[in-house]
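*Asks:* Quick one, what's the 3D model for this:
(chains A and B)
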Amino acid sequence: MSIIAELREVTKSFANQIALNNVNLQVREGEILGLLGPNGSGKTTLLKILAFIEKPTKGEVNFGGRQVKDSNAGQMRMESTLVFQKTVLFSTTVHNNVVYGLKIRGKPKKEVEELVRKTLKMVQLEGFEKRHAKRLSGGEQQRVALARALALNTRLLLLDEPTANLDPKNVSIVEEAIAAANQELKTTIVMATHNMFQAKKLPHRIALMENGKIGEIGTPTEVLGKLSKTLASFAAVDNIFTGTAKTTEDGTTHVEIGSSVKLEMTGQYNGDVSVFISPEDIILSKSRFASSARNAFKGKIIEISDSGSLVRLRVDVGKLVTVQITKRSFNEMELGLNAEVFLAFKASSVQIV
Amino acid sequence: MELLDGLIKALQLIFSGNPKLVEMTLRSLFVSGSATVIATLWGIPIAMGLGLRNFHGRTLMKTIFTTLIGMPTVALGFFLFLIFSRENGPLGFLGLLYTPTAIIIGEAILVTPIVVSLATTAIEAVDPEIMSLARTLGASDAQAAFAVLKEASNGIFLAGVASFNRAIGELGVAMFVGGFIAGSTELLTTGIKVELDKNNIDVAIGLALILLALVFGITLAINVIQRRRK
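*Replies:* Numbers count the residues shown, from 1 in each chain, chains lettered A, B, ... in the order given. Got it, this is the predicted structure:
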């Protein structure tokens, strides 16, 4: 896979504050790269540098095999565009918002109209062309901003927290459009998020950012499989429990997490611990079943959130446990709020944080 | 009853299409319109600088422009008279005193602080990310600045209207540097003063009514245009 963009020892400071500190990063052509980190970790600055609207204080930025300089930054900006976290729209119609960048590129009118139609369809805003962009709901506004960027069909699409503060329906539409842009338009995408659930779903690779540096980088399984304390401190991580660990005679550990809920995990630990169970490691069924899983609980569904092809359920087993299943399974099992369900997961799925 | 008689005669003059009134009205529109256009041409770039850039002395400059909005027209007119004076004024050699050009320059200077202050406020009110947004969509710096101006257009329109109204209604500059030369520098405002001095109450009232109607009509037209744009 070729490299589309590269940061070499990039540092960016504002007044006395260092936003990026000696960052090295390669963005591979065709991938979705997730930047996962807390607020102030440098994600937005990194995206602005990749959009060539911010210059690094030190270091080198390459795009498409060429070094980015003042003389060619304008040309580079035609191939890389950023959707801001806070939705920014021109005070005009949805149509005029979407055509802005296309007009700058001097596209023929017929092609412009076709692109407007196509991208508004991608974000499910067909028929919104004549509506005033700023009078739409927050979710619709964010979708206009995304359509405006998608219409440009740039080689690199940068998304800063694209689903922050959106309701589940809008999150689902935005995520589908992002996936379609990557799969159908072959657009390389770099997206910042602090939502671990999203980071697991869309990106091919994840870079963990903290204090202006990239800590780890790898596939979601590699980076998120072993939940670090740093990650747990900022990411929207479900299923983290604190409790008291005690080793058993079998060589495993029991962790009392309160409300009479006891977890069994591999390894030997004693004393106060924090543990994590990945929502997709938990098997959910409507009836009790025999299995090798050392942890089995009965509970009630108290919250359902739809997120595209996946559904997240919050199940009360004495403690609230988040479970992730496919929408198909959800429909086939005919689950609903207050439904009684059984959860099971292996001792090896319980990780120490 | 003198006022009522004057009013009736003034309306008769207006509706009879008195050539002198028509000429003074058209000249006033031209002079004040030109002054507003000139002030806008040099005022908007200043407002862009003040509204978009951070530099030492920015607040001081903004304060100076805001203070100058209340500049006494008589004082400005007097200073310009001294500058344009054909005998010993530093710009006397240009021969501008008592010409419409002198009035246009004077009124442009008079309304520049209005253009700068109101346009700066309008530009500052635009979302600061608009410039970055335009750039990330491929705009050059000039195109991005234009995008900001477009977003601030309501405030800039207001600046233009306020400037025009101030220019067409002022007397001090027009009197000092324009005088009241028949067929050359007669304006509505100077006309009111001169006709009143000659005790032609009806003509003075007619000119005043036209002046008020112009200010009201233009402001109304701009408001209607802005409403349609929304």
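*Asks:* Next up, the contacts around B:Ala152.
*Replies:* Applying C-beta atoms under 8 Å, 6 or more residues apart in numbering or on different chains to B:Ala152 gives the contacts B:Gly51, B:Ala119, B:Ala122, B:Ile123, B:Ala125, B:Val126. For every residue, glycine as well, the C-beta is placed using N, CA and C.
*Asks:* just curious, which of those residues is nearest to chain A?
*Replies:* B:Val126 (9.0 Å; C-beta to the nearest C-beta).
*Asks:* got a pLDDT number for the residue nearest to A:Gly101 when sequence neighbours are not counted?
*Replies:* Sequence neighbours aside, B:Leu137 is the residue nearest to A:Gly101 in space, at 3.6 Å (criterion: C-beta to C-beta, 6 or more residues apart in numbering or on different chains). pLDDT recorded at B:Leu137 is 97.
*Asks:* if we can go back for a sec, considering the contacts of B:Ala152, which possesses the most neighbours?
*Replies:* Using other C-beta atoms under 10 Å in any protein chain shown as the neighbour criterion, B:Ala119 leads those with 29 neighbours.
*Asks:* Now A:Lys298: closest residue in space that isn't a chain neighbour?
*Replies:* Using C-beta to C-beta, 6+ apart, the closest residue to A:Lys298 is A:Phe342 (5.5 Å).
*Asks:* Could you list the low-confidence segments of the chain?
*Replies:* Going with chain A. Chain A contains residues with pLDDT under 70 at A:197, A:225-237, A:307-308.
*Asks:* switch to chain B, that's the one I care about
*Replies:* B:1, B:229-230.
*Asks:* Just give me the neighbour total for the residue of it found nearest chain A.
*Replies:* Residue of chain B nearest chain A, by C-beta to the nearest C-beta: B:Leu137 (3.6 Å). Look at B:Leu137: counted by other C-beta under 10 Å, it has 27 neighbours.
*Asks:* Contacts only, for the closest residue to B:Leu196 other than its chain neighbours.
*Replies:* Residue nearest to B:Leu196 in three dimensions, not counting chain neighbours: B:Ala204, with 4.6 Å by C-beta to C-beta, 6+ apart. Listed by C-beta under 8 Å, 6+ apart, the contact set of B:Ala204 reads B:Gly6, B:Ala10, B:Gly191, B:Ile192, B:Glu195, B:Leu196.
*Asks:* Tell me how far A:Arg135 lies from chain B.
*Replies:* 10 Å (C-beta to the nearest C-beta, to the nearest Å).
*Asks:* Then A:Lys121?
*Replies:* Going from A:Lys121 to chain B by C-beta to the nearest C-beta gives 20 Å.
*Asks:* Tell me the residues on the stretch 101-250 of chain A that lie near chain B, please.
*Replies:* For the stretch 101-250 of chain A, the contact set with chain B under C-beta under 8 Å from any C-beta of the partner chain comprises A:Gly101, A:Ile104, A:Arg105, A:His132, A:Arg148, A:Ala149, A:Leu152.
*Asks:* Residues touching the helix or strand encompassing the first one, excluding its own?
*Replies:* If you go by DSSP states H and E, A:Gly101 is part of helix A:94-104. The list of residues contacting helix A:94-104 from outside it, by C-beta under 8 Å, 6+ apart, reads A:81, A:89-90, A:111-112, A:115-116, A:119-120, A:125, A:128-133, A:136, A:144-145, A:147-149, A:151-152, B:134, B:137-139, B:143, B:147.
*Asks:* right, and the helix or strand after that helix?
*Replies:* Heading C-terminal from helix A:94-104 (DSSP H and E), you reach helix A:109-122.
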